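# Provide a 3D model corresponding to the input given below.
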Amino acid sequence: MEKNLDKLLEQNLLYQAITGHADAVIGAKDLEGRYIYVNKEYSRLFHMDEGDFIGHTDHEIFSEEIAGAFREADLEVAEKNRVMHVEEKVPVDGELRHYLSVKFPIKNEAGEVFATGLVATDITERYRLENELLESENRFRNLFNLSPDPVWIIDNYQFVQCNDAAVEMLGYPSKDALINTHPSVLSPEFQPDGEPSFTKAERMMNITLEEGVNRFEWVHTRFDKTNFWAEVTLSPFMHHNRVLIYCTWRDITERKLTDETLHFMALHDPLTGLYNRNAFQQRLDEDFQRARRYQHDLSVFMIDIDHFKAVNDEYGHSAGDDVLQNFSDLLKKSVRKTDYAARYGGEEFIIILPETSVGEARELAEKLRIKIESHTIPINHGSEISITASIGVSTYPAHCTSAEGLLNTSDAALYAAKNAGRNCVMVAKSATE
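This is a model prediction of the structure:
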(Lines give C-alpha, C1' and ligand atoms only; values in the text may rest on other atoms or scores of the structure.)
Protein backbone atom coordinates (compact mmCIF):
# COMPACT_ATOMS: atom_id res chain seq x y z
CA MET A 1 0.00 0.00 0.00
CA GLU A 2 2.81 2.37 0.94
CA LYS A 3 4.66 1.54 -2.27
CA ASN A 4 1.52 2.29 -4.27
CA LEU A 5 1.18 5.69 -2.61
CA ASP A 6 4.84 6.46 -3.26
CA LYS A 7 4.41 5.48 -6.91
CA LEU A 8 1.27 7.60 -7.24
CA LEU A 9 3.04 10.57 -5.65
CA GLU A 10 5.99 10.10 -7.97
CA GLN A 11 3.73 10.01 -11.05
CA ASN A 12 1.90 13.13 -9.84
CA LEU A 13 5.17 15.00 -9.37
CA LEU A 14 6.29 13.91 -12.83
CA TYR A 15 3.02 15.10 -14.32
CA GLN A 16 3.28 18.44 -12.48
CA ALA A 17 6.87 18.92 -13.65
CA ILE A 18 6.03 18.27 -17.30
CA THR A 19 2.89 20.39 -17.48
CA GLY A 20 4.31 23.09 -15.26
CA HIS A 21 7.27 23.73 -17.54
CA ALA A 22 5.47 23.36 -20.86
CA ASP A 23 5.08 26.39 -23.12
CA ALA A 24 1.68 25.09 -24.20
CA VAL A 25 -1.55 26.04 -22.41
CA ILE A 26 -2.80 22.92 -20.59
CA GLY A 27 -6.05 22.52 -18.67
CA ALA A 28 -8.82 20.12 -17.69
CA LYS A 29 -12.53 20.55 -16.90
CA ASP A 30 -15.17 18.27 -15.42
CA LEU A 31 -18.26 17.33 -17.34
CA GLU A 32 -20.03 20.41 -15.99
CA GLY A 33 -17.42 22.60 -17.56
CA ARG A 34 -15.67 23.56 -14.29
CA TYR A 35 -11.87 23.76 -14.30
CA ILE A 36 -10.17 21.04 -12.31
CA TYR A 37 -6.63 21.84 -13.46
CA VAL A 38 -4.62 24.56 -15.28
CA ASN A 39 -0.87 24.73 -15.68
CA LYS A 40 1.36 27.75 -15.03
CA GLU A 41 1.23 28.88 -18.66
CA TYR A 42 -2.56 28.98 -18.48
CA SER A 43 -2.39 31.17 -15.37
CA ARG A 44 0.35 33.40 -16.78
CA LEU A 45 -1.47 33.93 -20.04
CA PHE A 46 -4.56 35.39 -18.40
CA HIS A 47 -2.81 36.94 -15.36
CA MET A 48 -4.85 34.83 -12.95
CA ASP A 49 -3.83 32.46 -10.19
CA GLU A 50 -4.49 28.76 -10.65
CA GLY A 51 -7.03 28.95 -7.83
CA ASP A 52 -9.03 31.57 -9.73
CA PHE A 53 -9.71 28.95 -12.41
CA ILE A 54 -10.43 25.90 -10.27
CA GLY A 55 -14.16 25.33 -9.80
CA HIS A 56 -15.12 28.02 -12.29
CA THR A 57 -16.51 27.70 -15.82
CA ASP A 58 -15.50 29.50 -19.00
CA HIS A 59 -18.70 31.55 -18.80
CA GLU A 60 -17.43 33.07 -15.55
CA ILE A 61 -14.05 33.97 -17.06
CA PHE A 62 -14.46 34.78 -20.75
CA SER A 63 -17.00 36.56 -22.94
CA GLU A 64 -20.22 34.79 -23.80
CA GLU A 65 -19.16 34.20 -27.41
CA ILE A 66 -15.78 32.67 -26.55
CA ALA A 67 -17.10 30.69 -23.56
CA GLY A 68 -19.92 29.29 -25.71
CA ALA A 69 -17.44 28.07 -28.36
CA PHE A 70 -15.24 26.45 -25.67
CA ARG A 71 -18.22 24.69 -24.07
CA GLU A 72 -19.58 23.43 -27.40
CA ALA A 73 -16.23 21.79 -28.23
CA ASP A 74 -15.90 20.26 -24.74
CA LEU A 75 -19.37 18.73 -24.96
CA GLU A 76 -18.63 17.20 -28.37
CA VAL A 77 -15.41 15.65 -27.02
CA ALA A 78 -17.21 14.19 -24.00
CA GLU A 79 -20.33 13.00 -25.78
CA LYS A 80 -18.59 11.51 -28.82
CA ASN A 81 -15.59 10.31 -26.78
CA ARG A 82 -13.10 11.53 -29.39
CA VAL A 83 -10.12 13.81 -29.82
CA MET A 84 -10.67 17.14 -31.59
CA HIS A 85 -8.29 19.66 -33.13
CA VAL A 86 -9.80 23.12 -33.00
CA GLU A 87 -8.53 26.57 -33.97
CA GLU A 88 -9.73 29.05 -31.34
CA LYS A 89 -9.48 32.81 -30.90
CA VAL A 90 -8.78 34.08 -27.40
CA PRO A 91 -8.36 37.69 -26.16
CA VAL A 92 -4.95 38.09 -24.50
CA ASP A 93 -3.82 41.50 -23.20
CA GLY A 94 -6.27 43.27 -25.45
CA GLU A 95 -5.22 41.32 -28.56
CA LEU A 96 -7.16 38.53 -30.21
CA ARG A 97 -4.69 35.63 -30.52
CA HIS A 98 -5.09 32.34 -32.37
CA TYR A 99 -4.54 28.96 -30.74
CA LEU A 100 -4.51 25.43 -32.06
CA SER A 101 -6.16 23.33 -29.34
CA VAL A 102 -6.11 19.57 -28.98
CA LYS A 103 -9.17 18.59 -26.89
CA PHE A 104 -9.49 15.06 -25.60
CA PRO A 105 -11.62 12.95 -23.22
CA ILE A 106 -10.19 11.94 -19.81
CA LYS A 107 -11.38 8.53 -18.54
CA ASN A 108 -11.35 6.73 -15.19
CA GLU A 109 -10.20 3.14 -14.63
CA ALA A 110 -13.62 1.92 -15.72
CA GLY A 111 -13.19 3.65 -19.11
CA GLU A 112 -15.82 6.26 -18.33
CA VAL A 113 -15.29 9.87 -19.41
CA PHE A 114 -15.25 12.09 -16.32
CA ALA A 115 -13.45 15.17 -17.70
CA THR A 116 -12.07 16.83 -20.81
CA GLY A 117 -8.54 18.10 -21.32
CA LEU A 118 -6.88 20.55 -23.66
CA VAL A 119 -3.39 21.37 -24.86
CA ALA A 120 -3.31 24.66 -26.80
CA THR A 121 -0.43 26.18 -28.79
CA ASP A 122 -0.22 29.83 -29.81
CA ILE A 123 -0.29 29.97 -33.64
CA THR A 124 -0.92 33.71 -33.96
CA GLU A 125 2.39 34.33 -35.76
CA ARG A 126 1.87 31.39 -38.08
CA TYR A 127 -1.67 32.56 -38.75
CA ARG A 128 -0.38 36.05 -39.58
CA LEU A 129 2.29 34.69 -41.89
CA GLU A 130 -0.19 32.41 -43.64
CA ASN A 131 -2.56 35.33 -44.16
CA GLU A 132 0.26 37.51 -45.48
CA LEU A 133 1.31 34.70 -47.80
CA LEU A 134 -2.28 34.28 -48.98
CA GLU A 135 -2.61 38.02 -49.57
CA SER A 136 0.74 38.02 -51.35
CA GLU A 137 -0.33 35.11 -53.55
CA ASN A 138 -3.61 36.87 -54.32
CA ARG A 139 -1.74 40.04 -55.29
CA PHE A 140 0.66 37.98 -57.39
CA ARG A 141 -2.23 36.18 -59.05
CA ASN A 142 -3.96 39.48 -59.84
CA LEU A 143 -0.77 41.01 -61.24
CA PHE A 144 -0.13 37.82 -63.22
CA ASN A 145 -3.61 37.66 -64.71
CA LEU A 146 -4.07 41.39 -65.33
CA SER A 147 -0.62 42.12 -66.76
CA PRO A 148 -0.89 43.68 -70.25
CA ASP A 149 2.29 41.81 -71.22
CA PRO A 150 2.39 38.03 -71.66
CA VAL A 151 3.47 36.35 -68.41
CA TRP A 152 4.45 32.71 -67.93
CA ILE A 153 5.52 30.36 -65.15
CA ILE A 154 8.22 27.86 -66.09
CA ASP A 155 8.71 24.67 -64.10
CA ASN A 156 11.14 21.95 -65.14
CA TYR A 157 11.84 23.69 -68.48
CA GLN A 158 8.16 23.86 -69.44
CA PHE A 159 5.49 26.56 -69.48
CA VAL A 160 3.04 25.44 -66.78
CA GLN A 161 0.92 28.60 -66.59
CA CYS A 162 0.26 31.76 -68.62
CA ASN A 163 -2.05 34.75 -68.57
CA ASP A 164 -4.65 35.88 -71.10
CA ALA A 165 -2.22 38.36 -72.69
CA ALA A 166 -0.01 35.44 -73.76
CA VAL A 167 -2.95 33.66 -75.37
CA GLU A 168 -3.95 36.86 -77.18
CA MET A 169 -0.44 37.66 -78.44
CA LEU A 170 0.06 34.16 -79.81
CA GLY A 171 -3.45 33.98 -81.26
CA TYR A 172 -4.31 30.61 -79.71
CA PRO A 173 -7.93 29.72 -78.88
CA SER A 174 -7.18 28.96 -75.20
CA LYS A 175 -4.45 28.38 -72.60
CA ASP A 176 -4.82 24.61 -72.90
CA ALA A 177 -2.66 24.43 -76.02
CA LEU A 178 0.09 26.55 -74.42
CA ILE A 179 0.72 25.02 -71.00
CA ASN A 180 2.96 22.02 -70.37
CA THR A 181 4.97 22.92 -73.48
CA HIS A 182 8.66 23.61 -73.96
CA PRO A 183 9.37 27.25 -75.02
CA SER A 184 10.86 26.02 -78.29
CA VAL A 185 7.46 24.64 -79.33
CA LEU A 186 6.23 28.25 -79.62
CA SER A 187 9.26 29.29 -81.69
CA PRO A 188 10.73 28.67 -85.15
CA GLU A 189 13.16 25.76 -85.37
CA PHE A 190 16.14 28.13 -85.35
CA GLN A 191 16.70 31.57 -83.85
CA PRO A 192 18.09 34.38 -86.08
CA ASP A 193 21.64 33.69 -84.83
CA GLY A 194 21.40 30.13 -86.24
CA GLU A 195 21.18 28.35 -82.86
CA PRO A 196 18.35 25.78 -82.56
CA SER A 197 15.49 27.20 -80.49
CA PHE A 198 15.38 24.13 -78.23
CA THR A 199 19.10 24.33 -77.44
CA LYS A 200 19.06 28.09 -76.90
CA ALA A 201 15.94 27.98 -74.71
CA GLU A 202 17.54 25.35 -72.45
CA ARG A 203 20.71 27.46 -72.26
CA MET A 204 18.81 30.64 -71.37
CA MET A 205 16.83 28.88 -68.63
CA ASN A 206 20.00 27.34 -67.16
CA ILE A 207 21.67 30.77 -67.09
CA THR A 208 18.63 32.07 -65.17
CA LEU A 209 18.71 29.25 -62.63
CA GLU A 210 22.46 29.64 -62.09
CA GLU A 211 22.94 33.41 -62.29
CA GLY A 212 19.56 35.09 -61.72
CA VAL A 213 17.61 37.54 -63.89
CA ASN A 214 18.28 37.01 -67.60
CA ARG A 215 17.07 39.33 -70.38
CA PHE A 216 17.42 38.60 -74.10
CA GLU A 217 15.67 38.90 -77.48
CA TRP A 218 13.77 35.99 -78.99
CA VAL A 219 11.66 35.16 -82.05
CA HIS A 220 8.32 33.46 -81.28
CA THR A 221 5.75 31.88 -83.59
CA ARG A 222 2.03 32.64 -83.48
CA PHE A 223 -0.77 30.15 -84.03
CA ASP A 224 -1.01 31.31 -87.68
CA LYS A 225 2.73 30.46 -88.13
CA THR A 226 3.85 34.11 -88.38
CA ASN A 227 6.89 35.12 -86.34
CA PHE A 228 7.46 38.14 -84.11
CA TRP A 229 10.28 39.53 -81.97
CA ALA A 230 9.99 39.68 -78.18
CA GLU A 231 12.20 40.87 -75.35
CA VAL A 232 12.15 38.02 -72.82
CA THR A 233 12.94 38.44 -69.12
CA LEU A 234 13.45 35.35 -66.95
CA SER A 235 13.55 35.62 -63.14
CA PRO A 236 13.92 32.69 -60.70
CA PHE A 237 11.68 32.54 -57.60
CA MET A 238 10.84 30.07 -54.82
CA HIS A 239 7.38 28.52 -54.56
CA HIS A 240 6.64 25.73 -52.09
CA ASN A 241 10.36 24.90 -51.85
CA ARG A 242 10.72 24.66 -55.62
CA VAL A 243 12.68 27.03 -57.84
CA LEU A 244 10.44 28.21 -60.68
CA ILE A 245 11.02 30.82 -63.40
CA TYR A 246 8.85 33.89 -63.87
CA CYS A 247 8.86 34.79 -67.57
CA THR A 248 7.62 37.97 -69.26
CA TRP A 249 7.47 38.89 -72.94
CA ARG A 250 7.38 42.31 -74.55
CA ASP A 251 6.64 42.59 -78.28
CA ILE A 252 9.52 44.51 -79.86
CA THR A 253 8.69 43.77 -83.51
CA GLU A 254 8.07 47.43 -84.29
CA ARG A 255 11.33 48.45 -82.63
CA LYS A 256 13.25 45.77 -84.52
CA LEU A 257 11.72 46.93 -87.81
CA THR A 258 12.74 50.49 -86.99
CA ASP A 259 16.26 49.35 -86.12
CA GLU A 260 16.47 47.36 -89.34
CA THR A 261 15.21 50.36 -91.34
CA LEU A 262 17.77 52.67 -89.74
CA HIS A 263 20.48 50.08 -90.29
CA PHE A 264 19.45 49.72 -93.94
CA MET A 265 19.41 53.49 -94.41
CA ALA A 266 22.87 53.80 -92.88
CA LEU A 267 24.31 51.30 -95.38
CA HIS A 268 22.23 51.86 -98.52
CA ASP A 269 21.67 54.57 -101.07
CA PRO A 270 18.11 55.91 -100.62
CA LEU A 271 17.41 56.28 -104.36
CA THR A 272 18.72 53.01 -105.77
CA GLY A 273 18.73 50.66 -102.75
CA LEU A 274 22.32 49.68 -103.53
CA TYR A 275 24.99 49.84 -100.84
CA ASN A 276 26.31 53.36 -100.30
CA ARG A 277 29.87 54.63 -100.41
CA ASN A 278 30.54 54.10 -96.68
CA ALA A 279 29.24 50.53 -96.74
CA PHE A 280 31.29 49.84 -99.86
CA GLN A 281 34.50 51.14 -98.25
CA GLN A 282 33.98 48.93 -95.21
CA ARG A 283 33.32 45.87 -97.40
CA LEU A 284 36.33 46.61 -99.62
CA ASP A 285 38.64 46.79 -96.58
CA GLU A 286 37.29 43.44 -95.29
CA ASP A 287 37.57 41.69 -98.66
CA PHE A 288 41.05 43.10 -99.25
CA GLN A 289 42.32 41.82 -95.88
CA ARG A 290 40.85 38.40 -96.68
CA ALA A 291 42.40 38.35 -100.15
CA ARG A 292 45.81 39.28 -98.80
CA ARG A 293 45.63 36.74 -95.97
CA TYR A 294 44.63 33.84 -98.23
CA GLN A 295 46.50 35.09 -101.32
CA HIS A 296 43.37 35.37 -103.45
CA ASP A 297 42.70 37.69 -106.37
CA LEU A 298 40.31 40.59 -105.78
CA SER A 299 38.85 42.67 -108.63
CA VAL A 300 36.94 45.95 -108.71
CA PHE A 301 34.76 47.47 -111.47
CA MET A 302 34.38 51.25 -111.55
CA ILE A 303 31.35 52.02 -113.78
CA ASP A 304 30.09 55.32 -115.14
CA ILE A 305 26.85 55.85 -117.12
CA ASP A 306 27.83 57.54 -120.36
CA HIS A 307 26.38 61.01 -121.10
CA PHE A 308 24.17 60.94 -118.04
CA LYS A 309 24.06 64.75 -117.88
CA ALA A 310 22.46 64.77 -121.33
CA VAL A 311 19.65 62.53 -120.02
CA ASN A 312 18.93 64.99 -117.22
CA ASP A 313 19.11 67.96 -119.59
CA GLU A 314 16.85 66.45 -122.24
CA TYR A 315 14.32 64.47 -120.19
CA GLY A 316 14.52 66.07 -116.73
CA HIS A 317 15.82 64.97 -113.33
CA SER A 318 12.83 62.66 -112.78
CA ALA A 319 13.88 60.68 -115.84
CA GLY A 320 17.44 60.75 -114.58
CA ASP A 321 16.28 59.14 -111.33
CA ASP A 322 14.41 56.49 -113.36
CA VAL A 323 17.62 55.71 -115.21
CA LEU A 324 19.65 55.42 -112.00
CA GLN A 325 17.06 53.14 -110.39
CA ASN A 326 16.64 50.96 -113.45
CA PHE A 327 20.40 50.75 -113.96
CA SER A 328 20.85 49.72 -110.29
CA ASP A 329 18.25 46.96 -110.69
CA LEU A 330 20.15 45.71 -113.73
CA LEU A 331 23.39 45.59 -111.71
CA LYS A 332 21.70 43.68 -108.88
CA LYS A 333 20.48 41.04 -111.35
CA SER A 334 23.81 40.86 -113.17
CA VAL A 335 26.29 40.42 -110.32
CA ARG A 336 27.07 37.06 -108.75
CA LYS A 337 25.99 36.20 -105.19
CA THR A 338 29.53 36.69 -103.98
CA ASP A 339 29.86 40.13 -105.60
CA TYR A 340 29.07 43.44 -103.95
CA ALA A 341 27.52 46.36 -105.87
CA ALA A 342 27.32 49.95 -104.60
CA ARG A 343 26.49 53.43 -105.81
CA TYR A 344 29.74 55.34 -105.48
CA GLY A 345 28.22 58.76 -106.19
CA GLY A 346 26.21 60.53 -108.91
CA GLU A 347 26.15 58.25 -111.95
CA GLU A 348 29.17 56.22 -110.78
CA PHE A 349 28.82 52.67 -109.52
CA ILE A 350 31.33 50.17 -108.21
CA ILE A 351 31.40 46.38 -107.89
CA ILE A 352 33.70 44.20 -105.76
CA LEU A 353 34.41 40.72 -107.17
CA PRO A 354 36.15 38.42 -104.63
CA GLU A 355 38.47 35.65 -105.88
CA THR A 356 38.28 36.96 -109.46
CA SER A 357 41.40 37.07 -111.64
CA VAL A 358 42.26 39.72 -114.27
CA GLY A 359 41.11 37.52 -117.15
CA GLU A 360 37.84 36.59 -115.43
CA ALA A 361 37.18 40.21 -114.47
CA ARG A 362 37.76 41.44 -118.05
CA GLU A 363 35.35 38.84 -119.41
CA LEU A 364 32.65 39.61 -116.81
CA ALA A 365 33.01 43.35 -117.39
CA GLU A 366 32.58 42.93 -121.14
CA LYS A 367 29.44 40.80 -120.63
CA LEU A 368 28.05 43.46 -118.30
CA ARG A 369 28.83 46.25 -120.84
CA ILE A 370 26.98 44.39 -123.61
CA LYS A 371 24.03 43.74 -121.30
CA ILE A 372 23.82 47.45 -120.46
CA GLU A 373 24.07 48.46 -124.12
CA SER A 374 21.25 46.14 -125.18
CA HIS A 375 18.99 47.18 -122.28
CA THR A 376 16.23 49.79 -122.65
CA ILE A 377 14.93 51.92 -119.78
CA PRO A 378 11.31 53.21 -119.60
CA ILE A 379 11.01 56.90 -118.68
CA ASN A 380 8.36 59.63 -118.70
CA HIS A 381 5.14 57.64 -119.03
CA GLY A 382 5.98 55.12 -121.74
CA SER A 383 9.07 56.55 -123.43
CA GLU A 384 12.20 54.40 -123.57
CA ILE A 385 15.88 55.21 -123.91
CA SER A 386 19.05 53.18 -124.28
CA ILE A 387 22.25 53.92 -122.41
CA THR A 388 25.84 52.74 -122.41
CA ALA A 389 28.47 52.58 -119.69
CA SER A 390 32.23 52.81 -119.38
CA ILE A 391 33.93 50.30 -117.08
CA GLY A 392 37.36 50.43 -115.48
CA VAL A 393 38.76 47.14 -114.12
CA SER A 394 41.50 46.66 -111.52
CA THR A 395 42.70 43.49 -109.78
CA TYR A 396 44.78 42.83 -106.69
CA PRO A 397 47.64 41.91 -106.73
CA ALA A 398 48.13 42.32 -110.50
CA HIS A 399 47.49 46.08 -110.54
CA CYS A 400 47.99 47.31 -106.97
CA THR A 401 49.07 46.39 -103.45
CA SER A 402 46.38 48.02 -101.30
CA ALA A 403 42.62 48.58 -101.04
CA GLU A 404 43.14 52.24 -101.83
CA GLY A 405 45.22 51.19 -104.82
CA LEU A 406 42.30 49.17 -106.16
CA LEU A 407 40.12 52.29 -106.13
CA ASN A 408 42.76 54.49 -107.70
CA THR A 409 43.72 52.06 -110.46
CA SER A 410 40.09 51.17 -111.32
CA ASP A 411 39.28 54.89 -111.46
CA ALA A 412 42.27 55.48 -113.75
CA ALA A 413 41.07 52.59 -115.96
CA LEU A 414 37.58 54.15 -116.07
CA TYR A 415 39.08 57.47 -117.11
CA ALA A 416 40.97 55.66 -119.88
CA ALA A 417 37.70 54.04 -121.05
CA LYS A 418 36.05 57.44 -121.34
CA ASN A 419 39.00 58.84 -123.26
CA ALA A 420 38.82 55.84 -125.60
CA GLY A 421 35.32 56.93 -126.69
CA ARG A 422 33.15 55.46 -123.84
CA ASN A 423 31.03 52.28 -123.97
CA CYS A 424 34.09 50.12 -123.47
CA VAL A 425 36.05 48.20 -120.86
CA MET A 426 39.58 49.18 -119.90
CA VAL A 427 41.83 47.21 -117.56
CA ALA A 428 44.30 48.97 -115.28
CA LYS A 429 47.97 48.89 -115.99
CA SER A 430 49.98 46.27 -114.13
CA ALA A 431 51.73 47.23 -110.90
CA THR A 432 55.10 46.86 -112.63
CA GLU A 433 54.32 49.23 -115.49
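
# what residues does stretch 193-202 touch?
Y157, H182, P183, S184, S187, P188, E189, F190, Q191 (C-beta atoms under 8 Å, 6 or more residues apart in numbering). From N, CA and C alone the C-beta is placed, and that goes for glycine too.

# of those - the most surrounded one?
Among those, P183 has the most neighbours (other C-beta atoms under 10 Å), with 23 neighbours.

# how about P183, what does it touch?
Contacts for P183 (C-beta under 8 Å, 6+ apart) come out as I154, F159, S197, A201, M205.

# what about it, distance to W218?
8 Å (C-beta to C-beta, to the nearest Å).

# likewise for H296?
38 Å.

# pick out whichever of those two has more residues nearby.
W218 (20 against 15).

# so the more buried one sits in a helix?
No: with DSSP: H, G, I helix; E, B strand; the rest coil as the criterion, W218 is assigned strand and is not in a helix.

# so the residue lying closest to it once chain neighbours are set aside bridges to which residues?
Spatially, and ignoring its direct neighbours in sequence, W218 is nearest to V232 (4.8 Å; C-beta to C-beta, 6 or more residues apart in numbering). Beta bridges link V232 to F216, W249, judged by DSSP bridges.

# on that earlier part again, pLDDT added to the contacts of stretch 193-202, as JSON lines?
Below are the contacts of stretch 193-202 laid out as JSON lines (pLDDT from 0 to 100):
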{"residue": "Y157", "pLDDT": "94"}
{"residue": "H182", "pLDDT": "95"}
{"residue": "P183", "pLDDT": "94"}
{"residue": "S184", "pLDDT": "95"}
{"residue": "S187", "pLDDT": "95"}
{"residue": "P188", "pLDDT": "95"}
{"residue": "E189", "pLDDT": "95"}
{"residue": "F190", "pLDDT": "96"}
{"residue": "Q191", "pLDDT": "94"}
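
# nearest to V167, out of those residues: which one, please.
Using C-beta to C-beta, P183 is the member of the contacts of stretch 193-202 that sits closest to V167, with 15.4 Å.

# any idea how far the closest one lies from L209?
The gap separating P183 from L209 is 14 Å, by C-beta to C-beta.

# same deal with V427?
63 Å.

# higher neighbour count, these two?
More neighbours surround V427 than the other of V427 and L209, with 23 against 15 (other C-beta under 10 Å).

# now the contacts of stretch 193-202 in a markdown table, with secondary structure and distance to D321?
Output for these, formatted as a markdown table (DSSP: H, G, I helix; E, B strand; the rest coil; distance: C-beta to C-beta, whole Å):
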| residue | secondary structure | distance to D321 |
| --- | --- | --- |
| Y157 | coil | 55 |
| H182 | coil | 52 |
| P183 | helix | 48 |
| S184 | helix | 47 |
| S187 | coil | 43 |
| P188 | coil | 39 |
| E189 | coil | 42 |
| F190 | strand | 40 |
| Q191 | coil | 39 |
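
# make CSV from these and add distance to T395 to it.
Formatted as CSV, the contacts of stretch 193-202 follow (distance: C-beta to C-beta, whole Å):
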residue, distance to T395
Y157, 55
H182, 53
P183, 51
S184, 48
S187, 46
P188, 42
E189, 42
F190, 38
Q191, 40
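
# closest one of these to V90?
Of all those, V90 sits closest to Y157, with 48.5 Å by C-beta to C-beta.

# distance of the closest one from S299?
On the measure of C-beta to C-beta, Y157 and S299 end up 52 Å apart.

# now R71
R71 is 105 Å from S299, where distance means C-beta to C-beta.
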